[in-house]
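**Student:** Pasting a predicted model and its sequence here:
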Amino acid sequence: MLIRRYFSRTLLVSDNAILGYLALIKFLLPFLTSTEFEFHRDELLYIAMGNHLAWGYLEVPPGIAVLAAIAREFLGDTIFAVRFFPALSGAAMVILCGLMARELGGGRFAQILAAIAFIMSPAFLRSNVLFQPVSFDQFYWTLGAYLVIRLLKKDDLNLWSALGGLWHRTAS
C-alpha cells in the first residue's frame with residue numbers, strides 16, 4: 001500500500017516525470033546511435049590531461065581534465081565512461097529547457113515541446129556525443145539562461161550569487 005501511494009499513476013505522468021523520461025532519452029541517444037566505436041583524437045587529449053591534472057592548460061580550463069579523471073576513477077577506461085558526462089550534461093539541458101518553459105508560464109505541452117525541440121535541435125543533437133568542452137559550455141550557458149529567467153521572476157538575491165559563480169566558471 002505504501003509503495004502504491006508513492007508510485008501512483010499521477011506521479012509517473014507528472015510534468016517532472018515526463019521531463020525525466022525525455023532526459024533519459026537524451027542521455028541514452030548518444031550511446032544508441034553513435035557509430036564511432038573508437039576514441040576521438042580530442043578525447044584522447046582530455047583523457048591525457050585527466051591523467052596529469054594541473055591548474056590550467058593551454059587549450060582549455062582545468063574542468064574538462066577533472067571530469068576525465070573522475071570518469072576514469074569511477075567508471076573505468078571505456079568509451080562509455082569517457083562519454084558519460086557529456087551525455088549527462090545533455091540530459092540536464094533537456095530538464096533545464098522544460099523548466100525554462102515552465103518558468104515562462106508554459107504548461108505541460110510547452111514543457112514537452114521545449115524539451116523535444118532541444119533533443120532534436122541540430123545544434124545540440126551531436127554535441128553531447130563526444131567528450132569535449134563544448135558540451136559543458138552549452139550546459140553552463142543553458143543553466144545561466146535558466147538562472148536569469150528565475151532571477152527576473154523571483155528577484156532572489158541567492159540567484160545573483162549562483163549566476164556570478166556560473167559566470168566565473170564560464171569565463172575561466
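**Tutor:** On my side now, so go ahead.
**Student:** can you count the residues close to the closest residue to residue 72 other than its chain neighbours?
**Tutor:** Nearest residue to residue 72, sequence neighbours excluded (C-beta to C-beta, 6 or more residues apart in numbering): residue 50, at 6.0 Å. Glycine gets a C-beta too; all of them are placed from N, C-alpha and C. When neighbours are counted by other C-beta atoms under 10 Å, residue 50 registers 21.
**Student:** which ones are touching residue 50?
**Tutor:** By C-beta atoms under 8 Å, 6 or more residues apart in numbering, the contact set of residue 50 is 65-69, 71-72.
**Student:** cool, residue 49 as well?
**Tutor:** Contacts of residue 49 (C-beta under 8 Å, 6+ apart): 57, 60, 62, 64-65, 68.
**Student:** Which helix or strand contains it?
**Tutor:** Element membership for residue 49, per DSSP states H and E: helix 41-51.
**Student:** From the chain's centroid, how far away is that helix?
**Tutor:** Offset of helix 41-51 from its chain centre (C-alpha atoms, centre = their mean, to the nearest Å): 20 Å.
**Student:** One more: stretch 112-126?
**Tutor:** For stretch 112-126, the distance to the chain centre is 13 Å (C-alpha atoms, centre = their mean).
**Student:** What residues of it count as buried?
**Tutor:** Buried residues in stretch 112-126, counted by 16 or more other C-beta atoms under 10 Å: 112, 114-116, 118-119, 124-125.
**Student:** give me the number of residues near the closest residue to residue 163 other than its chain neighbours?
**Tutor:** For residue 163, ignoring the flanking residues on the chain, the nearest one in space by C-beta to C-beta, 6+ apart is residue 147 at 4.8 Å. Neighbourhood size, residue 147 [other C-beta under 10 Å]: 20.
**Student:** Pretty sure residue 147 sits against residue 165.
**Tutor:** No - judged on C-beta atoms under 8 Å, residue 147 makes no contact with residue 165 at a distance of 9.9 Å.
**Student:** Contacts only, for residue 53.
**Tutor:** Residue 53 neighbours (C-beta under 8 Å, 6+ apart): 62, 65-66, 69.
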